[in-house]
Structure formats: structure tokens, C-alpha cells
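Asks: Provided below are the primary sequence and the corresponding predicted coordinates.
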Amino acid sequence: MKMTVTEIIDLLVFKGDSQYSGEAISQLQHALQCAHLAETAHETPQMITASLLHDIGHLITQEFSQDQEASKHQDDLHQYIALPFLRPLFPEDVLAPIRLHVDAKRYLCFEDPSYWEALSPTSKHTLELQGGVFSSKAAQIYIQQPFAQDAVRLRRYDDLAKVPHVQTPPLSHYRKIAESLN
């Protein structure tokens with residue numbers, strides 16, 4: 001199914017008010033905070049867009065899933081679900097960090113044991129659903145992939161983008177950045 005940038009952004013507008021994975025913010029607030037963190041860090045338009053859209057797979061899953069309760073007990077693979085919808089619109093330097101951001105958490109837990117301690121309870125729970133901490137070999141293989149370092153930075157923005165009432169630029173600001181890549 002091919003979607004336009006407008007339809008992708010509309011998912012954030014119309015479905016983004018749902019709670020973000022047990023955190024005290026909405027999906028839209030999380031996306032905006034993540035994009036804002038990337039922009040503040042002087043990331044490229046591609047990384048800002050990846051940061052905005054990294055969890056859009058959750059909203060696509062909500063759009064098509066009938067069993068919302070089951071999603072609390074299994075990984076929804078949101079990082080992969082989004083790709084067929086985004087691939088016609090964006091280059092690999094947007095898509096790869098999105099695809100790799102879940103495994104970046106697994107990598108960071110291996111690389112920095114204090115990282116796990118700083119995760120929210122919800123993020124710790126989803127880590128287990130997503131396969132747990134990487135082994136040494138899996139971590140080495142992961143970090144050698146193209147765009148893995150970008151995904152690690154995206155993951156750090158993701159972890160910080162869970163604060164209620166943070167002021168960010170509006171979605172229209174990030175929409176223009178995303179459209180500039182199309």
C-alpha cells in the first residue's frame with residue numbers, strides 16, 4: 001500500500017493522541033520531542049525525519065489491528081511494519097535508522113550496562129519482548145551495519161523524548177522537513 005507524506009502525517013494527527021507505550025505522553029508528543037531533539041543536535045533532515053517517524057509503525061498497527069490487548073504481550077515489530085509504507089517516500093538514510101532503532105536499544109544495553117538501568121519500566125518490558133540484550137557477537141554484527149550509529153543516536157533521542165509538557169515546534173514544521181526529502 002502506497003501512502004503519501006500527507007497520509008503519514010495524518011496518522012500522527014488523527015491517531016497520535018493515543019498514549020505512547022505506557023508513558024505519560026502521546027504518540028504525537030513523543031514523535032515531536034524526538035524530532036526536536038534531533039534538530040537541536042543539528043542532525044540532517046533525514047535523521048530529523050527518521051526521528052519523527054521512527055514509531056509510525058505503532059500507529060499503522062493500530063489502524064489495522066483488531067486485538068489491542070495482544071500487543072501488550074508481544075512485539076508488534078513496528079520498526080518493520082512501517083517500512084513498506086515509507087519506502088516509496090524516503091531514502092535509505094531515513095529508513096535504516098527506523099529499521100534499526102529497536103535493535104539499537106538491545107545494543108546499548110550490551111555496550112553500556114548502566115543504559116538498562118536508565119530505561120523506563122515500559123522500555124524494559126518491550127526490550128524483553130524484542131529479544132533482550134544482545135550477546136557480544138550480536139552487538140558486534142549490529143554496530144558494523146550501515147546506519148547503525150545513526151540508529152543509536154535515534155535511540156538516545158527516543159529515550160529522552162518521553163517528558164510531559166515539553167514545548168516543541170509544531171508538526172507542520174517537521175512535515176516541511178519530511179516533504180523536502182520527497
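Replies: All right, it came through fine. Numbers count the residues shown, from 1 in each chain.

Asks: what's the burial count for the residue lying closest to Ser180 once chain neighbours are set aside?
Replies: Counting by C-beta to C-beta, 6 or more residues apart in numbering, the nearest residue to Ser180 once its immediate chain neighbours are dropped is Pro45, at 6.0 Å. Every residue, glycine included, has its C-beta placed from N, CA and C. Pro45 is flanked by 17 other residues according to other C-beta atoms under 10 Å.

Asks: Now do the same contact list for Pro45.
Replies: Contact analysis of Pro45 by C-beta atoms under 8 Å, 6 or more residues apart in numbering lists 177, 180-181.

Asks: now do 10 Å
Replies: Neighbour list for Pro45: 38-39, 93-94, 174, 176-178, 180-181 [criterion: C-beta atoms under 10 Å, 6 or more residues apart in numbering].

Asks: same check, this time on Phe90
Replies: Contacts of Phe90 by C-beta under 10 Å, 6+ apart are 5, 8, 46, 49-50, 53, 83, 98, 178, 181-182.

Asks: switch to 8 Å and redo it
Replies: Taking C-beta under 8 Å, 6+ apart as the test, what Phe90 contacts is 46, 49, 178, 181-182.

Asks: And for Pro169?
Replies: 32, 36, 39.

Asks: now the residues you listed in CSV, with secondary structure, pLDDT and neighbour count?
Replies: Formatted as CSV, the contacts of Pro169 follow (DSSP: H, G, I helix; E, B strand; the rest coil; pLDDT from 0 to 100; neighbours: other C-beta atoms under 10 Å):
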residue, secondary structure, pLDDT, neighbour count
Leu32, helix, 97, 25
His36, helix, 98, 21
Glu39, helix, 98, 21
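
Asks: Dump these to a markdown table, plus distance to His165.
Replies: As requested, those are arranged in a markdown table below (distance: C-beta to C-beta, whole Å):
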| residue | distance to His165 |
| --- | --- |
| Leu32 | 12 |
| His36 | 13 |
| Glu39 | 19 |
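
Asks: With Gln167 as the reference, measure out to Leu89.
Replies: 28 Å (C-beta to C-beta, to the nearest Å).

Asks: Same check on His125?
Replies: From His125 across to Gln167, the span is 29 Å (C-beta to C-beta).

Asks: Please identify which of these two sits among more neighbours.
Replies: Just comparing His125 and Gln167: by other C-beta under 10 Å the higher neighbour count belongs to His125, 15 against 7.

Asks: what's the helix ranked longest in the chain packed up against?
Replies: Longest helix in the chain by number of residues (criterion: DSSP state H): helix 92-111. Judged by 3 or more C-beta pairs under 8 Å, 6 or more residues apart in numbering; DSSP states H and E, the packing partners of helix 92-111 are helix 45-53, helix 78-81, helix 83-86, helix 113-118, helix 121-129, helix 136-143, helix 148-160.

Asks: just the buried members of the contacts of Phe90?
Replies: 46, 49, 178, 181 (16 or more other C-beta atoms under 10 Å).
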